[in-house]
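Chemist: Sequence and predicted structure, then a few things I'm wondering about:
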Amino acid sequence: MNKFKAILEVIWMTFLPMLIAAFSLAGLFPLSGFLGKSALEAATSNTLGVYLLLIVVAFFSNIYIFRWLLVPLQNK
């Protein structure tokens, strides 16, 4: 883990775009992921089953992408 932190100090310019991409996948407002998720939710709002499935998939994808991004930064 210390090697990863050392690499992060050197290539922080790569980490910042990865963080922005993670926020976009999470659906943060000014980024494109928000517009895509809101369009999908609006299109499926009439069918409850599909709408709930999309919400669950979005939740787990957010957990996965931030786990992928932030777990290597934790101290063990």
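Modeler: It's in.
Chemist: With just CA atoms, put the helix or strand harbouring Leu70 into CSV.
Modeler: Assigned by DSSP states H and E, Leu70 belongs to helix 48-70. Presented in CSV, the C-alpha positions along helix 48-70 are these (Å, rounded to 0.1, in the frame of the first residue of the first chain):
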residue,chain,number,x,y,z
LEU,A,48,-41.9,0.2,-11.1
GLY,A,49,-39.9,-3.0,-11.5
VAL,A,50,-37.5,-1.7,-14.1
TYR,A,51,-37.2,1.6,-12.2
LEU,A,52,-36.3,-0.2,-8.9
LEU,A,53,-33.8,-2.4,-10.8
LEU,A,54,-32.1,0.6,-12.2
ILE,A,55,-31.9,2.2,-8.8
VAL,A,56,-30.3,-0.9,-7.3
VAL,A,57,-27.8,-1.3,-10.2
ALA,A,58,-26.8,2.4,-9.9
PHE,A,59,-26.3,2.0,-6.1
PHE,A,60,-24.1,-1.1,-6.5
SER,A,61,-22.1,0.4,-9.3
ASN,A,62,-21.4,3.5,-7.2
ILE,A,63,-20.2,1.3,-4.3
TYR,A,64,-18.0,-0.7,-6.7
ILE,A,65,-16.4,2.3,-8.5
PHE,A,66,-15.5,4.1,-5.2
ARG,A,67,-14.3,0.9,-3.6
TRP,A,68,-12.0,0.4,-6.7
LEU,A,69,-10.8,4.0,-6.4
LEU,A,70,-10.4,4.5,-2.6
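Chemist: quick one: low-confidence ranges for this protein?
Modeler: Applying pLDDT under 70 to the chain flags the ranges 1-5, 7-8, 72-76.
Chemist: can you tell me how far the residue of it most remote from its centre sits from Ser38?
Modeler: In the chain, the residue that sits farthest from the middle, by CA atoms, centre = their mean, is Asn46; the gap is 26.0 Å. Distance of Asn46 to Ser38, computed by CB to CB, to the nearest Å: 15 Å. From N, CA and C alone the C-beta is placed, and that goes for glycine too.
Chemist: Since that was my last question, I'll sign off now.
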